[in-house]
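Engineer: based on what follows, work out the 3D shape:
(one chain, ligands or ions: 2)
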Amino acid sequence: MAVKPKKAPIAVDKLTETQAKVELVRLALEIERHNEAYYNEDAPKISDAAYDELRKRSDAIEARFPGLVTRDSPSQKVGAVPTGRFAKVPHSVPMLSLGNAFSDEDVTDFVDRVRRFLKLGEDEIPAIVAEPKIDGLSLSLRYEDGVLVRGATRGDGSVGEDVTANVRTIADIPHKLKGRNIPAVCEIRGEVYMLKKDFLALNKRQAEAEDTVFANPRNSAAGSLRQKDVSVTASRPLKFFAYAWGEMSEMPAKTQFKMIEWMEKAGFVTNPLTTLCDSVEGVLKFYRKIEAQRAKLGYDIDGVVYKVDRLDWQERLGFITRTPRWAIAHKFAAEQATTVLNDIEIQVGRTGALTPVAKLAPVTVGGVVVQNATLHNEDYIKGIGNDGQPIREGVDIRVGDTVIVQRAGDVIPQIVSVVLDKRPASAKPYKFPTVCPACGSHAVREEDPKTGRPDSVRRCTNSLACPAQAKERLKHFVARNAFDIDGLGEKQIEEFFTDGLVMSPVDIFTLEKRDARSQKKLADREGFGATSVRNLFAAIDARRTIALHRFIFALGIRHVGEGNAKLLARHYGTVEAFRAAMIAAGEGPQSEAYQDLNAIEGVGAVVANALVEFFREPHSVKAVDDLLGEIEVQPAEKAKTDSPIAGKTVVFTGSLEKFTREEAKATAERLGAKASGSVSKKTDYVVAGPGAGSKLAEANKLGVQVLTEDEWLALVGGA
Ligand SMILES: NC(=O)c1ccc[n+]([C@@H]2O[C@H](COP(=O)([O-])OP(=O)(O)OC[C@H]3O[C@@H](n4cnc5c(N)ncnc54)[C@H](O)[C@@H]3O)[C@@H](O)[C@H]2O)c1
Ligand SMILES: [Zn+2]
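Structural biologist: Ligands and ions are numbered 1, 2, ... in the order given. Modelled structure (predicted):
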């Protein structure tokens with residue numbers, strides 16, 4: 001792909017009014033495009049820092065030519081207009097953004113502005129509440145008579161999306177407010193976020209199942225909350241901090257700080273770092289303390305928010321278009337650094353995917369030395385995103401390039417841009433290999449049946465004999481959620497595989513026998529000893545009995561992640577039934593076995609085809625059978641087919657009091673029913689607890705049978 005070197009933009013103070021007008025329109029369109037990707041698709045195309053640059057330029061031009069500001073200007077708007085995916089909810093009190101401070105001086109200016117506006121005397125110091133700025137998405141929760149009735153996203157500030165059902169699955173969010181004297185109407189606002197460790201684990205599971213992986217915890221939280229299928233949201237580890245409010249029929253307190261204390265009493269989780277400060281020095285001290293703790297906090301924050309404590313003063317200060325005058329966000333500097341790309345290395349994964357990794361000249365980014373960065377795939381290097389649209393403005397990445405690396409939280413470092421001015425004349429576009437570096441077989445990009453475009457991933461076609469794939473499959477086999485053998489991790493597999501000791505899963509279980517006969521004892525190896533070998537054999541023996549779902553997951557079949565493995569285990573019950581069904585399904589899509597497999601709720605054609613493909617291969621079946629000769633697979637508890645609710649679809653709604661939603665769903669599934677998040681004509685029962693709203697109404701409209709919690713318990717036999 002030809003790369004047009006970018007022209008440096010004209011400095012703001014050199015623009016003519018006509019140029020400024022054109023530039024503002026161009027910037028507005030570009031910002032709008034990024035807003036759409038960020039807020040509505042949860043998949044930003046550029047870094048936050050690059051986005052903020054666009055906005056800063058737009059703001060600077062507007063500051064020079066105030067006559068050019070229009071109602072459509074980015075400086076006048078919040079977020080993005082919601083998509084049609086969810087019902088729309090007008091906010092009775094708008095949900096705004098925050099002004100930014102980037103330096104200590106900006107903070108001093110903010111406090112001075114507040115003082116001037118309020119005409120405070122020299123000795124009158126406005127107390128300020130400092131709160132970490134959680135990097136998630138804001139949410140408004142409406143309680144009527146203490147009962148949660150609606151959850152809505154910010155949207156464009158005046159209209160948000162109705163995510164009530166999704167919100168009810170978040171454990172931090174009370175369905176009922178605690179305490180007496182709860183105002184009749186309370187709108188509590190705060191941030192939905194995901195812990196960094198939960199985000200990493202989720203991405204790992206998503207990658208294993210070849211499902212969407214998220215760029216950072218914020219996108220992951222936003223993408224998880226904004227799901228049409230509520231059970232998907234329920235399965236995601238979302239959390240919530242309360243820090244603000246919208247419509248309140250009465251105010252329970254007179255200051256910001258006391259309001260937060262009240263929210264905590266009412267049953268919300270509030271951020272424990274929140275601090276009441278009495279001077280500019282105080283807030284700046286807090287800022288530095290939080291900045292130092294940032295990497296150690298369990299969640300991502302992108303700054304500190306300062307708010308005037310007295311609510312009567314907040315009221316007087318009011319708003320300027322999209323931001324309050326009584327608050328400001330003091331942002332942290334982006335965790336970016338410039339370095340040189342020395343090489344691109346291709347790694348071959350368990351399913352044959354060729355993944356390029358950037359080898360960087362070591363550089364410290366946000367306190368951590370970075371030497372590798374992900375390059376995702378071939379198109380990414382060329383400057384093309386997953387949707388076929390340009391990324392980094394279409395600039396490709398070449399060995400020898402000077403690049404800007406970004407590390408957000410614990411996320412794998414990424415290359416956000418290339419410094420074209422520093423590109424060596426000799427740098428050539430990267431040629432992605434078309435053969436596997438591990439085995440020399442052809443590596444191809446299959447066509448994605450959904451889009452008709454080539455899949456973004458190039459794969460080695462030699463799935464059986466490719467040593468790289470075999471080794472990665474073994475690593476997967478012993479992983480934590482698979483066989484999880486103590487003392488046999490990636491490092492040992494790497495070693496045993498290279499030495500020909502363990503080439504296939506069964507070899508793990510014959511290791512002790514073979515070692516007894518061998519001249520070269522394991523105990524004599526570097527780094528091993530009699531005790532560690534004894535422990536290793538004991539750990540292997542402990543796994544000779546394994547749960548069916550772990551066994552299925554351990555096989556490392558494409559698209560079969562932990563969730564699917566559980567569904568399959570529950571459906572087939574025993575390893576014999578599973579094996580027989582998979583082989584029978586290989587007879588073709590018309591076969592009864594295939595139809596049965598494809599009909600398992602949550603499985604679908606992609607997974608079914610991957611399973612069939614695996615079991616069609618005699619070598620895979622042999623590997624499975626060899627393994628079964630050495631181990632015992634425990635049967636799974638099969639979903640019942642003779643229960644009164646077998647085959648029915650059930651929806652739980654309202655704040656359940658006799659059991660948790662998770663329990664109720666598990667019971668339903670165990671008894672062979674499907675728990676769904678939304679009511680339709682296909683719903684058989686709606687189980688409604690107190691405060692049930694739109695779903696109950698929908699059920700009544702469609703004539704779906706509605707049960708109380710007690711009636712449900714009677715139906716399932718108190719199970
Ligand atoms: N990369 C991209 O393409 C892209 C596109 C759009 C926006 N963005 C990023 O989004 C941000 C701008 O978006 P914004 O308008 O939502 O503003 P913002 O994130 O800068 O500030 C407002 C938000 O802060 C949040 N917040 C967290 N803790 C808070 C607290 N204690 N008190 C009050 N609010 C708190 C709220 O959700 C609130 O809506 C920037 O960081 C920008 O870089 C990036
Ligand atoms: Zn290969």
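Engineer: all strands of the stretch 501-650 of the chain, in order?
Structural biologist: Taking DSSP state E, counting those that start in this stretch, the strands of the stretch 501-650 of the chain run over residues 545-547, 632-634, 649-653.
Engineer: where does the residue of the stretch 501-650 of the chain found nearest ligand 1 fall, phi/psi-wise?
Structural biologist: Each residue of the stretch 501-650 of the chain has a distance to ligand 1, by Cβ to the nearest ligand atom, and the smallest belongs to residue 561, at 28.4 Å. In short, each C-beta sits where N, CA and C put it, glycine included. Reported as degrees, to the nearest 10, the phi and psi values for residue 561 are phi -90, psi -170.
Engineer: most tightly surrounded among the strands of the stretch 501-650 of the chain?
Structural biologist: For these, the stretch with the most neighbours on average is strand 649-653, a mean of 25; neighbours defined as mean count of other Cβ atoms under 10 Å.
Engineer: the next helix or strand along the chain from it vs strand 649-653, what angle?
Structural biologist: Remark: after strand 649-653, the chain's next helix or strand is helix 661-670, criterion DSSP states H and E. With axes from the mean of the first three to the mean of the last three Cα atoms, to 10 degrees as the criterion, the two stretches helix 661-670 and strand 649-653 enclose an angle of 170 degrees.
Engineer: and the next helix or strand after helix 661-670, what does it pack against?
Structural biologist: Using DSSP H and E, the helix or strand that follows helix 661-670 in sequence is strand 674-676. Here strand 674-676 touches strand 649-653, helix 661-670, going by 3 or more Cβ pairs under 8 Å, 6 or more residues apart in numbering; DSSP states H and E.
Engineer: might one say that residue 550 is in contact with residue 481?
Structural biologist: Yes - between residue 550 and residue 481 there is a contact at 7.1 Å, judged by Cβ atoms under 8 Å.
Engineer: can you verify my assumption that residue 175 contacts residue 168?
Structural biologist: Yes - contact status for residue 175 versus residue 168: in contact at 6.7 Å, counting by Cβ under 8 Å.
Engineer: okay, the residue lying closest to residue 45 once chain neighbours are set aside: pLDDT?
Structural biologist: For residue 45, the nearest residue in space outside its immediate sequence neighbours is residue 37; the separation is 5.1 Å by Cβ to Cβ, 6 or more residues apart in numbering. The per-residue pLDDT reported for residue 37 equals 88.
Engineer: dihedrals phi and psi, residue 37?
Structural biologist: Backbone torsions of residue 37, given as degrees, to the nearest 10, read phi -70, psi -40.
Engineer: also residue 240?
Structural biologist: For residue 240, the backbone dihedrals (degrees, to the nearest 10) come out as phi -150, psi 130.
Engineer: how about the residues of the stretch 451-600 of the chain by ligand 2?
Structural biologist: Along the stretch 451-600 of the chain, the residues adjacent to ligand 2 under the rule Cβ under 5 Å from the ion are 460, 462, 466.
Engineer: filter the residues you listed down to just the ones in strands.
Structural biologist: When DSSP state E defines the strands, the subset of these inside them is residue 460.
Engineer: is it true that the residue nearest to residue 45 touches residue 43?
Structural biologist: Yes - with contact defined as Cβ under 8 Å, residue 37 and residue 43 form a contacting pair (5.8 Å).
Engineer: right, and ligand 2 sits closest to which residue of the stretch 601-719 of the chain?
Structural biologist: Using Cβ to the ion, the point where the stretch 601-719 of the chain gets nearest to ligand 2 is residue 619, with a distance of 15.0 Å.
Engineer: so how far is residue 197 from the residue nearest the centre of the chain?
Structural biologist: Among the residues of the chain, residue 220 comes closest to the average C-alpha position under Cα atoms, centre = their mean, at 2.3 Å. Plainly put, residue 220 is 12 Å away from residue 197 if you go by Cβ to Cβ, to the nearest Å.
Engineer: looking at the helices and strands packed on strand 674-676, which has the lowest confidence?
Structural biologist: For the helices and strands packed on strand 674-676, the bottom mean pLDDT is recorded on helix 661-670, which sits at a mean of 77.
Engineer: in that one, what counts as buried?
Structural biologist: Residues of helix 661-670 classed as buried by neighbour count (16 or more other Cβ atoms under 10 Å): 661, 664-665, 667-670.
Engineer: span of stretch 566-583 from start to end?
Structural biologist: End-to-end distance of stretch 566-583: 19 Å, with Cα to Cα, to the nearest Å as the criterion.
Engineer: which positions within that stretch qualify as buried?
Structural biologist: Counting neighbours by 16+ other Cβ under 10 Å, the buried set in stretch 566-583 is 566-572, 575, 578-579, 581-582.
Engineer: which single one of those residues is nearest to ligand 2?
Structural biologist: The shortest distance between ligand 2 and any of the buried residues of stretch 566-583, using Cβ to the ion, involves residue 582 and amounts to 24.6 Å.
Engineer: now that closest one: closest residue in space that isn't a chain neighbour?
Structural biologist: Leaving aside its chain neighbours, residue 582 sits nearest to residue 615 (4.0 Å; criterion: Cβ to Cβ, 6+ apart).
Engineer: residues in contact with the one you found?
Structural biologist: Residues in contact with residue 615, defined by Cβ atoms under 8 Å, 6 or more residues apart in numbering, are 579, 582-583, 585-586, 621.
Engineer: could you count how many residues lie near residue 44?
Structural biologist: 18 (other Cβ atoms under 10 Å).
Engineer: adding distance to residue 677, write the buried residues of helix 661-670 out as a markdown table.
Structural biologist: Shown next, in a markdown table, are those (distance: Cβ to Cβ, whole Å):
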| residue | distance to residue 677 |
| --- | --- |
| 661 | 10 |
| 664 | 13 |
| 665 | 10 |
| 667 | 16 |
| 668 | 12 |
| 669 | 14 |
| 670 | 18 |
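Engineer: and of those residues, the nearest to ligand 1?
Structural biologist: When those are compared for distance to ligand 1 (Cβ to the nearest ligand atom), residue 661 comes out closest, at 25.9 Å.
Engineer: doesn't residue 171 make contact with the closest one?
Structural biologist: No - if you go by Cβ under 8 Å, residue 661 and residue 171 don't touch, sitting 9.8 Å apart.
Engineer: hey, where'd the strands end up in the stretch 351-500 of the chain?
Structural biologist: Taking DSSP E, counting those that start in this stretch as the criterion, the stretch 351-500 of the chain carries its strands at 354-365, 368-374, 402-406, 414-418, 443-444, 459-460.
Engineer: can you give me the mean pLDDT across the last one?
Structural biologist: Taken as a whole, strand 459-460 carries a mean pLDDT of 92.
Engineer: so what secondary structure elements neighbour that strand?
Structural biologist: Using 3+ Cβ pairs under 8 Å, 6+ apart as the contact criterion, the elements in contact with strand 459-460 are strand 443-444.
Engineer: where exactly do the helices run in the stretch 101-250 of the chain?
Structural biologist: Assigned helices in the stretch 101-250 of the chain, in chain order: 104-118, 164-167, 196-208, 217-225, 230-234 (criterion: DSSP state H, counting those that start in this stretch).
Engineer: lowest average confidence across the ones you listed, which one?
Structural biologist: Among the helices of the stretch 101-250 of the chain, helix 196-208 scores lowest, at a mean of 86.
Engineer: that helix vs helix 217-225, what angle?
Structural biologist: Using the same axes, to 10 degrees: helix 196-208 against helix 217-225 is 60 degrees.
Engineer: check which residues of helix 196-208 are buried.
Structural biologist: Of the residues in helix 196-208, those buried by neighbour count under the rule 16+ other Cβ under 10 Å are 196, 198-200, 202-205, 208.
Engineer: mind picking the two most distant members of these?
Structural biologist: The widest separation within these, taken as Cβ to Cβ, falls between 196 and 208 and amounts to 18.9 Å.
Engineer: residues of the stretch 201-350 of the chain that sit close to ligand 1?
Structural biologist: 243-244, 305, 329 (Cβ under 6 Å from any ligand atom).
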